[in-house]
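K.L.:
Following is a predicted model, sequence given first.
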Amino acid sequence: MTWHLLRHTFISRLVMAGVDLRTVQELAGHKDIKMTIRYAHLAPEHKLNAVF
């Protein structure tokens, strides 16, 4: 378990919960939205649910 893994999990779960990226960016302390997007990996089932 690393801080890096926890950071990915924290950000991904916020995005999957519907929190907007700017808010996630502020919570994560990122200066650039590109970094937030890089960390925001969505679970495959979340992507599937978005389509159906």
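P.N.:
The structure has been received and is ready for your questions.
K.L.:
Check residue 9 and give its pLDDT.
P.N.:
Residue 9 is assigned a pLDDT of 87 by the prediction.
K.L.:
what residues does the helix or strand harbouring it touch?
P.N.:
Assigning secondary structure by DSSP states H and E places residue 9 in helix 3-16. Contact with helix 3-16 is made by 21, 23-24, 27-28, 36, 39-43, 46, as judged by C-beta atoms under 8 Å, 6 or more residues apart in numbering. C-beta here means a position set from N, CA and C on the backbone, and glycine is covered the same way.
K.L.:
how about a cut-off of 6 Å?
P.N.:
Counting by C-beta atoms under 6 Å, 6 or more residues apart in numbering, helix 3-16 makes contact with 24, 28, 39-41, 46, all of which sit outside it.
K.L.:
next one: stretch 19-39
P.N.:
Under the criterion C-beta under 6 Å, 6+ apart, external residues in contact with stretch 19-39 comprise 8, 11, 14.
K.L.:
How far away from the center of its chain is that stretch?
P.N.:
Averaging C-alpha positions (C-alpha atoms, centre = their mean, to the nearest Å) puts stretch 19-39 8 Å from its chain's average.
K.L.:
what about it, how long is it end to end?
P.N.:
Stretch 19-39 has an end-to-end distance of 14 Å (C-alpha to C-alpha, to the nearest Å).
K.L.:
What residues of it count as buried?
P.N.:
Applying a neighbour-count criterion of 16 or more other C-beta atoms under 10 Å, the buried positions in stretch 19-39 are 24-25, 30, 36, 39.
K.L.:
Widest-spaced pair of these?
P.N.:
Longest distance between any two of the buried residues of stretch 19-39 is 9.8 Å, between 25 and 39; criterion C-beta to C-beta.
K.L.:
between the helix or strand of the chain with the lowest mean pLDDT and helix 3-16, how big is the angle?
P.N.:
Of the helices and strands making up the chain, the lowest-confidence element is helix 44-51, at a mean of 75, by mean pLDDT, DSSP states H and E. Angle of helix 44-51 versus helix 3-16, following axes from the mean of the first three to the mean of the last three C-alpha atoms, to 10 degrees, is 20 degrees.
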